[in-house]
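S.K.: With the sequence up front, the predicted model follows.
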Protein chains: 4
Amino acid sequence: MPYRADQPKLLPCWQAHVTVGPMRDQGTGPSGQRLIIPITGGHFEGTLDPAGAARPFGGKVLPGGFDLQRLRPDGNKELEAIYHLETDDGTGIEIRNHALLTYSAPGVLDYGRSRICIEAPMGPYGWLNDRIFIGTLEPIRPFEEVLIRAFVVE
Amino acid sequence: MPYRADQPKLLPCWQAHVTVGPMRDQGTGPSGQRLIIPITGGHFEGTLDPAGAARPFGGKVLPGGFDLQRLRPDGNKELEAIYHLETDDGTGIEIRNHALLTYSAPGVLDYGRSRICIEAPMGPYGWLNDRIFIGTLEPIRPFEEVLIRAFVVE
Amino acid sequence: MPYRADQPKLLPCWQAHVTVGPMRDQGTGPSGQRLIIPITGGHFEGTLDPAGAARPFGGKVLPGGFDLQRLRPDGNKELEAIYHLETDDGTGIEIRNHALLTYSAPGVLDYGRSRICIEAPMGPYGWLNDRIFIGTLEPIRPFEEVLIRAFVVE
Amino acid sequence: MPYRADQPKLLPCWQAHVTVGPMRDQGTGPSGQRLIIPITGGHFEGTLDPAGAARPFGGKVLPGGFDLQRLRPDGNKELEAIYHLETDDGTGIEIRNHALLTYSAPGVLDYGRSRICIEAPMGPYGWLNDRIFIGTLEPIRPFEEVLIRAFVVE
């Protein structure tokens, strides 16, 4: 298929149910208030290369990551979640999810989209290094579980 | 409209015709071959907030930026274009466009998508700070002009 | 004292004894082999503003961070350790320590220095946001504890 | 010489006289006021590997870079200067200089130090990829020329 630049598409790639621990308020630094949310685990499932070979994959969200949040002076929130996935066959995959959240009223989410940077070892999951991904965020259980939907930009 | 996380959309936001100067080969560093492409000018036009107020905007690509390219050991190319737009009313906007290019054969582009990070002053263009953007790349005149299409993730 | 640019100095600022968990080998990605080392705890002590008010400070290294290592194709190692300190009075401080390690022979460290990026809340520890820091690394107990010495660039 | 971590030293490595063009005020974005200063040229000279082989090197500062400045809400200034050096034998070297400036009174510099990230091709200048560098800043001719002194952390 020849390369096309005029109509990029978003295709669902994976969903991660991420469980989180209690938030720590780090106070207000030179670029806004900082909040830290530990990532305690979870699971994910999806489809590699949905526009091509379309192979299923899934596994665990490893505990030990965190979501480093910044409340910007303009009221928007920037999230930087850093954590690792482990596939069912034991492969480790690094996730850095940079999200932007805006609110129409306190606590009422208006916008929540992200750039997902991913690094996988070469081999069965190497396709993940060859694409750009975006994500959405959805609280499933407040302060306990978040659903991250990841889409490949094709 | 209530927040939805299951069906993000890409809406066309702006197009930039970017003119470039002669490439400089910086040799091969610890993370691959480096190529520098000066950005010499251009123009852009589009629509701010296409899902909402939908206001037209446009202007110039300022000369003096560059595209810092890295040819990864796996054959893919990472681009980091840093430059500024100036709107018709004189507002400066910073662009950092991180692109990933893959090739099906030497010189035959298979994939070319990007994460566009943008920073605008608060005011008429402040909406640009409140969204996530992705881009596509298309050579218009080889080694002379590139078309960047930018899409907002809604 | 008037500003001087010709003879910057390194002054000891703090030392952190960081305990680590078992390393995970994440395989080889597009930029080299990735190794993850969980940060499990530790403690630190030192002096804030050693060229000025020289106030002592200290506390804990919080568990839940990690050291994201990359073995570059040229044999050097890049470390990106992300974790948090908590001072004795309960203030959270974010550390991002970007280190470069070179080896004269396998396992024989030749060079180990780092750039330490730090973010503290404004207030008693706000001085940390106003300086540039570098660090050194020293294994204390192999695979169990590392000593990080941090120096302010004055 | 065995590895030592307790007494890191700063050794002079190179000095760059960087000429700059007129500043552009980009207005105030979500993280503070943005100022852009074009880098128009200059020259540098110094010593590679001053603690070892101590070879002289020098050349030009290439026009076409810029210093992307941010005036933080706390009054400090963060600079991100991105430009290239070209050695006398035609080798291109990338510089990213992240500086922090504080002021004791408006316009009166109190502190000006930086982290210098550098990338050189492998070969005669490959040593630059194997070390951590810090810098100082000194205005030579206001709004026209800045002196950057770079020091290796040994």
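M.R.: Nice, thanks for sending it over. Residues are numbered from 1 along each chain as shown, chains lettered A, B, ... in the order given.
S.K.: Please list all residues in contact with A:Ala105.
M.R.: For A:Ala105, no residue meets the contact criterion (CB atoms under 8 Å, 6 or more residues apart in numbering or on different chains). (Each C-beta comes from the backbone N, C-alpha and C, glycine too.)
S.K.: no no, A:Leu101
M.R.: Taking CB under 8 Å, 6+ apart, one finds A:Asn76, A:Lys77, A:Glu78, A:Leu79, A:Leu109, A:Tyr111, A:Gly112, A:Leu137 in contact with A:Leu101.
S.K.: Quick one: these as TSV, columns for pLDDT, distance to B:Gly27 and neighbour count too.
M.R.: Formatted as TSV, the contacts of A:Leu101 follow (pLDDT from 0 to 100; distance: CB to CB, whole Å; neighbours: other CB atoms under 10 Å in any protein chain shown):
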residue	pLDDT	distance to B:Gly27	neighbour count
A:Asn76	94	41	18
A:Lys77	96	41	18
A:Glu78	97	36	18
A:Leu79	98	37	19
A:Leu109	93	47	17
A:Tyr111	97	43	18
A:Gly112	97	42	22
A:Leu137	97	41	22
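S.K.: Need the three-state assignment for A:Asn129.
M.R.: helix (DSSP: H, G, I helix; E, B strand; the rest coil).
S.K.: Quick check: closest non-adjacent residue to it.
M.R.: C:Pro30 (5.0 Å; CB to CB, 6 or more residues apart in numbering or on different chains).
S.K.: Also A:His98?
M.R.: A:His98's closest residue in space is A:Arg115 (CB to CB, 6+ apart), at 4.8 Å.
S.K.: and that neighbour, which of the three is it?
M.R.: A:Arg115 ends up strand, using three-state DSSP.
S.K.: any bit of the helix or strand encompassing A:Leu68 sitting next to chain C?
M.R.: Using DSSP states H and E, A:Leu68 sits within strand A:65-71. Yes. In terms of CB under 8 Å from any CB of the partner chain, part of strand A:65-71 sits within range of chain C, namely A:Gly65, A:Phe66, A:Leu68.
S.K.: one step back: make a markdown table from the contacts of A:Leu101 and add distance to chain B and secondary structure to it.
M.R.: Shown next, in a markdown table, are the contacts of A:Leu101 (distance: CB to the nearest CB, whole Å; DSSP: H, G, I helix; E, B strand; the rest coil):
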| residue | distance to chain B | secondary structure |
| --- | --- | --- |
| A:Asn76 | 6 | coil |
| A:Lys77 | 11 | strand |
| A:Glu78 | 10 | strand |
| A:Leu79 | 12 | strand |
| A:Leu109 | 5 | strand |
| A:Tyr111 | 7 | strand |
| A:Gly112 | 7 | strand |
| A:Leu137 | 6 | strand |
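S.K.: one step back: wait, which of the residues of strand A:65-71 next to chain C is closest to chain C?
M.R.: A:Phe66 (6.3 Å; CB to the nearest CB).
S.K.: doesn't A:Leu35 make contact with that closest one?
M.R.: No. If you go by CB atoms under 8 Å, A:Phe66 and A:Leu35 don't touch, sitting 10.2 Å apart.
S.K.: Between these two, which is the more surrounded one?
M.R.: A:Phe66 (24 against 18; other CB atoms under 10 Å in any protein chain shown).
S.K.: Give the bridge partners for the residue positioned nearest the centre of chain A, please.
M.R.: Against the mean C-alpha coordinate of chain A, by CA atoms, centre = their mean, the closest residue is A:Asn97 at 4.3 Å. Legend: beta-bridge partners of A:Asn97 under DSSP bridges are A:Ala81, A:Ile116.
S.K.: Near chain C, which residues of chain A are found?
M.R.: Looking at chain C, the residues of chain A close enough under CB under 8 Å from any CB are A:24-31, A:34, A:36, A:38, A:64-66, A:68, A:82, A:84, A:91-94, A:119-123, A:129.
S.K.: Good, we can wrap up now.
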